[in-house]
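Colleague: Build the 3D model from these lines:
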Amino acid sequence: MEGQLTVYNYYGGPCYRCLYPIPPPPETVTNCSDGGVLGVGLLASCGQQLLMFDAQDAKFRSIKLRPKQASCAVCGENPSVTQLVDYETFCGSAATDKCRRLNLLSRDQRITVQDYKSIMDKAEPHLLLDVRPLVEVDMCHLPISLNIPLSSLEERTSEHILLLQESISQLKQQMASDCQPPVYVICKLGNDSQKAVQVLEKMSGSEVDSIRVKDICGGLMAWAQKIDPTFPQY
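Modeller: Below is the predicted model:
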């Protein structure tokens, strides 16, 4: 676990736009609570430097920030941004700390938590893939789920891909016919699971056996709200 602390645009130091002139793709932006962003009061000692804290080793270190950019659109020599702009348009996402709901898949590629509850009740053979980071899975998870983080799928981490291949192979052995084994993907809110479905669809039939993969809408928070009110929400 680690933390970072700095103050931007302080006594000639760089502003945030100096360091990041172009916003990241909207689908990669998390809200402040998920991203761990905390607003604090002015700390003069952190001007023009980034203070980093490593909780595991209980160590601090300071990194000097690159200087103010003369070409910066906000604080440079010839700024083009001289008043407040529509940052929702600039960033491509809403100015809110609430979690945005992505819509990356078609309706046919998704099922509701009610649909999945029915699949569980009927004991239909399937694989439930939880693509959250392990730290979140340790807090709460559905007992029959297999955890392979989204990052491991995207990076094709060998040990996790092998685990996925073995799990799909075992599932195929449980099924009487040669139909594609169903894989249902879940995460906290149904955003990362959609990304994982896109990755798995590309892998299907090449890097893993051919599968039928679908996202569970709303993720585990929808499960807690609509199916099991005792399931932890975080």
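Colleague: what ranges of this structure fall below the confidence cut-off?
Modeller: Within the chain, the ranges that satisfy pLDDT under 70 run 1, 26-46, 87-100.
Colleague: could you pull out the strands for it?
Modeller: Remark: strands assigned in the chain by DSSP state E are 2-5, 49-54, 59-64, 110-111, 127-130, 146-147, 182-186, 212-216.
Colleague: could I get the third one in PDB with only the CA atoms?
Modeller: In other words, strand 59-64. What follows is strand 59-64, C-alpha atoms only, in PDB (Å, rounded to 0.1, in the frame of the first residue of the first chain):
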ATOM      1  CA  LYS A  59       9.400   4.600   4.100                       C
ATOM      2  CA  PHE A  60       9.100   8.200   2.700                       C
ATOM      3  CA  ARG A  61      10.700   9.600  -0.300                       C
ATOM      4  CA  SER A  62      10.400  12.800  -2.300                       C
ATOM      5  CA  ILE A  63      10.500  13.200  -6.000                       C
ATOM      6  CA  LYS A  64      11.000  16.600  -7.600                       C
END
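Colleague: can you list contacts of it?
Modeller: Gln48, Gln49, Leu50, Leu51, Met52, Phe53, Asp54 (CB atoms under 8 Å, 6 or more residues apart in numbering). For every residue, glycine as well, the C-beta is placed using N, CA and C.
Colleague: Which of the strands of the chain has the highest mean neighbour count?
Modeller: strand 182-186 (a mean of 24; mean count of other CB atoms under 10 Å).
Colleague: who's in contact with that strand?
Modeller: Here strand 182-186 has contacts from 111, 116, 119, 124-131, 142, 145, 168, 193, 196-197, 200, 211-216, 219-220, 223, using CB under 8 Å, 6+ apart.
Colleague: All set, thanks.
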